[in-house]
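**Q** Generate a structure from the sequence data that follows.
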Amino acid sequence: MTARHSFFKNNGLLIVFLIFMFLTWGGQAYTGWQEDNIERIEHRLPVQDFKGYLQSGHFVEATFENWESEFLQMALYVALTIFLYQKGSSESKCLDEPEEVEKEPRAHPNAPWPVRRGGVWLKLYKHSLTIAFILLFAVSFLLHAYGTMLEINDKEHKSLTFFNVFSENKFWFESLQNWQSEFLSIASIVFLSIYLRQQGSPESKPVDAPHSETGR
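**A** The predicted structure is shown next:
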């Protein structure tokens, strides 16, 4: 019999990180509004109220340049861990034996409906996590470009079209500086999880596991 748990115990990890996200996003919006108005005064442009700022290129650009890098990181991480390995890392599959995640799905009463339905639905569902992150990255990437266009046209008095943005150094500088930090963070957890432990975390190997043990 499955134990009954409170709503928070069932969803605590998601809830806490969403709270962190909205608190920091709100802080970003407020401090970005203050900073943008300072820049607007320096450029002899009219200052904006907070509502106007939330629709501005400055806010859209700053938000989605970060989101795009997060979704790119996760898309690549999910996809590359299918066939790339790191001996000793808790973030890698075992090098020698097939794991549960590699088995072909089996239809049973509690399986998700695409598994029970089969066919094209199952084919899509088998890759749905990677597909979702790729789509989220693509949307964020395009919104970052849109925000950059608004910001450049506003502050630099240009008339860029959406497609002109992709030839702007500013856009690629913002993207690449975020991408490299995300790749570094993934490399860090892959490497550090070989030698370091955190008791109680599913992202760590057991504390007494040898360094050479691969997987969780």
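**Q** so what pLDDT did the nearest residue to residue 77 once chain neighbours are set aside get?
**A** Setting aside the residues directly before and after it, residue 77 is nearest to residue 186 in space (Cβ to Cβ, 6 or more residues apart in numbering), at 5.6 Å. Where you see a C-beta, it was placed from the backbone N, CA and C, and this is true even at glycine. On the pLDDT scale, residue 186 is placed at 94.
**Q** Does residue 186 touch residue 73 like I think?
**A** Yes: counting by Cβ atoms under 8 Å, residue 186 touches residue 73, with 6.1 Å between them.
**Q** For the helix or strand hosting the residue nearest to residue 77, enumerate the helices and strands it packs against.
**A** Assessed by DSSP states H and E, residue 186 sits inside helix 169-195. With contacts defined as 3 or more Cβ pairs under 8 Å, 6 or more residues apart in numbering; DSSP states H and E, the packing partners of helix 169-195 are helix 57-80, helix 128-155.
**Q** Return the most buried member of those helices.
**A** Greatest average neighbour count among the helices and strands packed on helix 169-195 goes to helix 57-80 (a mean of 20), per mean count of other Cβ atoms under 10 Å.
**Q** Can you list the buried residues in the host helix or strand of residue 14?
**A** Residue 14 belongs to helix 7-42 when elements are defined using DSSP H and E. Buried positions in helix 7-42, judged by neighbour count with 16 or more other Cβ atoms under 10 Å: 29, 32, 33, 36, 37, 40.
**Q** sorry, back to before: out of the helices and strands packed on helix 169-195, which gets nearest to residue 182?
**A** Evaluated over these, closeness to residue 182 peaks at helix 57-80, with 3.7 Å, by Cβ to Cβ.
**Q** what comes into contact with the closest one?
**A** Applying Cβ atoms under 8 Å, 6 or more residues apart in numbering, the contact partners of helix 57-80 are 25, 28-29, 32-33, 36, 39, 53, 129-130, 133-134, 136-137, 140-141, 143-144, 146-154, 174-175, 178-179, 181-183, 185-186.
**Q** Just after the one helix or strand in the chain whose mean pLDDT sits lowest, pick out the following helix or strand.
**A** Sorted by mean pLDDT, DSSP states H and E, the helices and strands of the chain end with helix 113-117, the least confident at a mean of 91. Using DSSP H and E, the helix or strand that follows helix 113-117 towards the C-terminus is helix 119-125.
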